[in-house]
Every structure is written in structure tokens, then in C-alpha cells.
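Q: All I have is the shape, not the residue letters:
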């Protein structure tokens, strides 16, 4: 029974994390977005992928650019480079959130697309 409750809690946490960017945008009074431009200006989510060469990070299914001015912090608040930003791992047997890849972020829309201003590794579910 205890294992079942633990699994249900993990699935609920995964649903919360995957929906966090759109929920955050809704809380700020911004219209909820869907379709080709569903980026959020700020929020929390999982780092699903990163491309160091292209200088991009995928958070919540949306690709954001990384520039030399983007501030990236680890869970202790120390500055890190893009190469050190954790990416969510895929777990085959059970739904699980890789808390090391949870981040909060701020982004800005530019003429060249969405660019991250700052990224903070949370390493714990957002509250």
C-alpha cells in the first residue's frame, strides 16, 4: 500500500512539473498559450534536452536559446556553464521525475526567438 501511494505521488508530481510553465503563465495574468508559440516568459519545468553547440535548452517541450549573458545556476546557487546543466533522464520501468533536472527560468522573446535570461536548478519539486 505504501509503494502504491508513493507511485501515485510521483505520477502527480510528474503531471505538475510537465504542466508548470503554462500554469505559471496563467498565474501571472498572461493569457494561456498553445500552438506554435507556447513559450513561457517564466516558470518551472524539466530540462528535457540541451544542445551545447547550438546553445539551446528544451524546457517543457519548448526550445530556448542560450546567450553569453544567460545566467545558469546550480542547486547551491553557484554559476555553472551550459555543459553542466543537468538533463532529465528517461526511466523505463516506472514514471519518475528526475529532480536534478528541475529548473525555474526567466526568458525574453527577441527578434531571433526566445532566449533564457536565467536558469536556476531546483533539485526539488517547485512548491
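A: Now that the structure is in, tell me what you want to look at. The shown structure was predicted, so the numbers you read here are calculated from the model rather than taken from an experiment.

Q: pLDDT weak spots in the protein?
A: Along the chain, the model assigns pLDDT under 70 to residues 1-37, 94-97, 123-127.

Q: Now do the helices in it.
A: 2-27 (DSSP state H).

Q: which residues of it fall in strands?
A: Assigned strands in the chain, in chain order: 42-51, 56-59, 62-65, 71-73, 102-110, 113-121 (criterion: DSSP state E).

Q: which residues sit against the last one?
A: Right, strand 113-121. By C-beta atoms under 8 Å, 6 or more residues apart in numbering, the surrounding residues in contact with strand 113-121 are 39, 57, 62-67, 69-75, 77, 80, 85-86, 100-109. For glycine as for every other residue, the C-beta is placed from the backbone atoms N, C-alpha and C.

Q: Also compute the angle for it relative to strand 102-110, please.
A: If you take axes from the mean of the first three to the mean of the last three C-alpha atoms, to 10 degrees, strand 113-121 sits at 160 degrees to strand 102-110.

Q: Give me the angle between strand 113-121 and strand 42-51.
A: Here strand 113-121 runs at an angle of 100 degrees relative to strand 42-51 (the same axes, to 10 degrees).

Q: Show me which parts of strand 113-121 are buried, residue by residue.
A: The neighbour-count check on strand 113-121 (16 or more other C-beta atoms under 10 Å) flags 114, 115, 116, 119, 120, 121 as buried.

Q: Could I get those in JSON lines, plus columns for distance to residue 93?
A: Output for the buried residues of strand 113-121, formatted as JSON lines (distance: C-beta to C-beta, whole Å):
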{"residue": "114", "distance to residue 93": "34"}
{"residue": "115", "distance to residue 93": "37"}
{"residue": "116", "distance to residue 93": "32"}
{"residue": "119", "distance to residue 93": "29"}
{"residue": "120", "distance to residue 93": "30"}
{"residue": "121", "distance to residue 93": "25"}
